[in-house]
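Engineer: Mind folding the following:
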Amino acid sequence: MSQLKHKNYSQIKIALTSEDFDAFTVKSLIAKLLHQNDDARCFAGNRKAIYRTLIAMVKSGELCKKVASNPRESTFHKTPVFAPEELLNISKLKELTESVPVLTNPIDTNERSIKYLASQLKEYQISLLASIGESEEYKTLFTTLPGMHLQLEELYIKAREKSSTLLGQITAINNVLSHCKSSAVL
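Structural biologist: Purely as a prediction, here's the structure:
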């Protein structure tokens, strides 16, 4: 089975390799990720991203979902498609990641967080520039292709909305980075 394109897929796959971990909820998976390794802990805070990855794994046939009356109590179960041939490689990876010492020094954790946030910030800034360029191109095309004004306007609005979302993400990361850097100074 080919790897899904979700950033947290490999960490979730590692968490699911233990045979006794089946019929799990999103909450129990998050708890497992929090105790797995530093990379997994980075992803554990994003419940929506974890859920999206699990749903993608359901669609790919690796998992099946048993819906409960309370959505938070719904459970996921591994299927035979869960790629047992890949488990050997993932088990080796799991052994390697478990042998990495957990950072208990808050300064090390803060530095790691700052590096992660800085990389996310760069990613969002690049996407913002691309989105702004896309918006500007639609504005240029308005005059060049007046017959397509309605279609172009819809695309232009979507590009502007995307720019606004990216700008909000950039602002949030900048705020967190400022907080991390100011708490590191104290």
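Engineer: mean confidence for the longest helix seen in the chain?
Structural biologist: Identified as the longest helix of the chain according to DSSP state H is helix 106-144. Averaging pLDDT along helix 106-144 gives 84.
Engineer: ok, now stretch 76-83?
Structural biologist: Mean predicted confidence for stretch 76-83 is 80.
Engineer: ditto for stretch 31-48
Structural biologist: On average, stretch 31-48 scores 77.
Engineer: in that stretch, what counts as buried?
Structural biologist: Lys32, Leu33, Gln36, Asn37, Asp38, Asp39, Ala40, Arg41, Cys42, Phe43, Ala44 (16 or more other Cβ atoms under 10 Å). C-beta here means a position set from N, CA and C on the backbone, and glycine is covered the same way.
Engineer: Dump that stretch to PDB, keeping only the CA atoms.
Structural biologist: Extracted in PDB, the C-alpha atoms of stretch 31-48 (Å, rounded to 0.1, in the frame of the first residue of the first chain):
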ATOM      1  CA  ALA A  31      -2.400   9.500  23.900                       C
ATOM      2  CA  LYS A  32      -0.200   6.900  22.100                       C
ATOM      3  CA  LEU A  33       1.300   9.500  19.800                       C
ATOM      4  CA  LEU A  34       2.200  11.700  22.900                       C
ATOM      5  CA  HIS A  35       4.300   8.900  24.300                       C
ATOM      6  CA  GLN A  36       5.800   7.800  21.000                       C
ATOM      7  CA  ASN A  37       8.600  10.300  20.000                       C
ATOM      8  CA  ASP A  38       9.200  14.000  19.400                       C
ATOM      9  CA  ASP A  39       7.900  13.900  15.800                       C
ATOM     10  CA  ALA A  40       4.700  12.200  16.900                       C
ATOM     11  CA  ARG A  41       4.200  14.700  19.700                       C
ATOM     12  CA  CYS A  42       4.400  17.500  17.100                       C
ATOM     13  CA  PHE A  43       1.400  16.000  15.300                       C
ATOM     14  CA  ALA A  44      -0.500  14.900  18.400                       C
ATOM     15  CA  GLY A  45      -1.800  18.400  19.100                       C
ATOM     16  CA  ASN A  46      -3.700  18.600  15.700                       C
ATOM     17  CA  ARG A  47      -6.800  16.400  16.300                       C
ATOM     18  CA  LYS A  48      -8.300  17.400  12.900                       C
END
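Engineer: Am I right that Ser113 is in contact with Cys180?
Structural biologist: Yes. Counting by Cβ atoms under 8 Å, Ser113 does reach Cys180; the two are 5.9 Å apart.
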